[in-house]
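>>> sequence first, then the predicted structure, then my questions.
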Amino acid sequence: MMDLGLLIIRLVVGLSFAAHGAQKLFGWFGGYGLKGTGGWLESIGVKPGVAMALLAGLAELIGGLLFAAGVGTWVGAVLIVLTMLVAIGKVHGQNGYWVTQNGYEYNLTLIAVAIGVALIGPGAYVLF
């Protein structure tokens with residue numbers, strides 16, 4: 001049952017994270033694409049915006065897919081953790097803990113899940 005539990009966690013977190021990357025990179029799932037995300041990043045002082053949107057989108061997409069597949073779980077987890085640390089530092093940290101106040105609660109939860117799964121391992125159900 002542990003392997004099934006790890007698969008569910010990896011799929012939900014990893015594919016959700018990959019979808020956020022697709023929002024930034026391609027404008028899918030209601031996202032703003034590179035230009036829109038880049039413009040927003042510049043508005044909060046992250047420059048050059050489009051280049052940083054590309055890096056963030058790639059980290060989310062690749063990290064999420066690796067994490068979901070259970071292949072390169074450590075690499076996927078590191079990409080998730082780094083992206084969430086930047087999100088806390090640039091956007092959510094100054095708002096306090098609670099997500100209802102745009103705080104870092106959700107970011108910290110994703111960090112804990114990514115590190116926890118990386119330490120435990122992906123389980124038996126992996127892509128290859």
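Structure received. Residues are numbered from 1 along each chain as shown.

>>> check the burial of the closest residue in space to Ile88 that isn't next to it in sequence by counting its neighbours.
By the measure of Cβ to Cβ, 6 or more residues apart in numbering, the closest residue to Ile88 outside its immediate chain neighbours is Tyr104, 4.5 Å from it. For glycine as for every other residue, the C-beta is placed from the backbone atoms N, C-alpha and C. Close neighbours of Tyr104, defined as other Cβ atoms under 10 Å, add up to 23.

>>> which ones are touching Tyr104?
Contacts for Tyr104 (Cβ atoms under 8 Å, 6 or more residues apart in numbering) come out as Ala87, Ile88, His92, Gly93, Asn95, Gly96, Tyr97.

>>> filter these down to the buried ones, PyMOL style.
Here is the PyMOL selection string for the buried members of the contacts of Tyr104, based on 16 or more other Cβ atoms under 10 Å:
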select buried, resi 87+88+92
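
>>> next step: the contacts of Tyr104 restricted to helices.
Ala87 (DSSP state H).

>>> how about the contacts of Tyr104 in TSV, adding pLDDT?
Putting these into TSV (pLDDT from 0 to 100) gives the following:
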residue	pLDDT
Ala87	96
Ile88	98
His92	97
Gly93	97
Asn95	98
Gly96	98
Tyr97	98
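
>>> of the contacts of Tyr104, which belong to strands?
Among the contacts of Tyr104, no member is found in strands (DSSP state E).

>>> okay, the contacts of Tyr104 in JSON lines with distance to Gly116 next?
Shown next, in JSON lines, are the contacts of Tyr104 (distance: Cβ to Cβ, whole Å):
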{"residue": "Ala87", "distance to Gly116": "19"}
{"residue": "Ile88", "distance to Gly116": "18"}
{"residue": "His92", "distance to Gly116": "20"}
{"residue": "Gly93", "distance to Gly116": "22"}
{"residue": "Asn95", "distance to Gly116": "25"}
{"residue": "Gly96", "distance to Gly116": "24"}
{"residue": "Tyr97", "distance to Gly116": "19"}
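
>>> right, I'll call it a day here.
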